[in-house]
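1. Structure for the following, please:
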Amino acid sequence: MLVSVETFFHDALLSSLPDGVTVSTGPSLGPTPEVAQLVEVIASGLKLALPGSEDLTVRREPAFLFGVHRWKANGTQLDFVLPDDVVGQVVEVESPPGYPLRRGDEYAVEGRTVRFYRPPAQADVAVVARLRGAQASGFLERASCDIPLVLRAWSQEPGAADRLLSSALTPVLIAATGMGNLDNAASEDSGVRIRLLRPSVVLVGLTRGAELLQEKRFFRAQAEFLIRGELEQLIAVGAPEPTGIIREVRKV
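-> Coordinates of the predicted model:
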């Protein structure tokens, strides 16, 4: 999930920063002497809120097999039909991806057809349908979570790190206002789905400094954010354990 968060903001930065500025994600390695200017996007961890009960599994719900189907759109199409080989009932529709729509207000499901009241915008991936299948072994759990995010600018020139951070803050703050649900980068056939739902982003601090790295002085300016949302974990593998079945009868 941390990679998904970093990638979201990394992509927002790429189209906004001047040519020659390197943008990196992941744990900070700092700048190298060959890099004049560097911007780092670092999601350093994720912390879940534990339940108040001593039973750590109290929030778990039954699991169901799940699937995802995606459609492209031409900007005028209203009906999107599930292929015959796609199994399950439509339980959620996103358009664009990451932004759930309200069933009944923005779309309807008629048999195997998702019908929009207004056509989705043209895109290669414009509509995402999430499907639920048969009950499975595993669990569904949702819990509040916090993700600290750091946006760090480096430069060898005095004052340039501050200017670079200011340039990077604008696209990051704009992207934060439109941040939708994020999927973890995992195979959809694995039986495991992890999503960050309804994230909100706030700026919590600004710092600056200077460091000597590989015998060169670098100036650093950084912005610190807190992302708060709900982490959904769905583990659905195979059939559920049978209950209420008499396995053996003994005579006394």
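2. Over to the nearest residue to residue 51 once chain neighbours are set aside: give its phi and psi.
-> Closest residue in space to residue 51, ignoring its immediate chain neighbours: residue 58 at 5.0 Å, by C-beta to C-beta, 6 or more residues apart in numbering. Where C-beta positions appear, they are placed from N, C-alpha and C, glycine not excepted. The phi/psi pair for residue 58 (degrees, to the nearest 10) reads phi -60, psi -20.
3. Output the contacting helices and strands for the longest strand along the chain.
-> If you go by DSSP state E, the chain has its longest strand at strand 123-155. Here strand 123-155 touches helix 2-14, strand 37-43, strand 47-48, strand 61-73, strand 89-94, helix 160-177, strand 192-213, strand 216-237, going by 3 or more C-beta pairs under 8 Å, 6 or more residues apart in numbering; DSSP states H and E.
4. next structured bit after the fifth one?
-> Using DSSP states H and E, the helix or strand that follows strand 89-94 towards the C-terminus is strand 107-110.
5. same check, this time on the first one
-> Next in sequence after helix 2-14, counting helices and strands by DSSP H and E, comes strand 22-25.
6. Report all helices and strands that that following strand contacts.
-> Against strand 22-25 (3+ C-beta pairs under 8 Å, 6+ apart) you get helix 2-14, strand 37-43.
7. and it, which strands flank it?
-> strand 37-43 (parallel) (DSSP bridges).
8. Kindly export the strand it pairs with (C-alpha atoms) in PDB.
-> Extracted C-alpha coordinates of strand 37-43, given in PDB (Å, rounded to 0.1, in the frame of the first residue of the first chain):
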ATOM      1  CA  GLN A  37      18.200  18.700  -7.700                       C
ATOM      2  CA  LEU A  38      16.100  15.800  -6.200                       C
ATOM      3  CA  VAL A  39      12.600  15.500  -4.900                       C
ATOM      4  CA  GLU A  40      11.800  12.400  -2.800                       C
ATOM      5  CA  VAL A  41       8.300  11.100  -2.000                       C
ATOM      6  CA  ILE A  42       8.400   8.800   1.000                       C
ATOM      7  CA  ALA A  43       5.500   7.000   2.700                       C
END
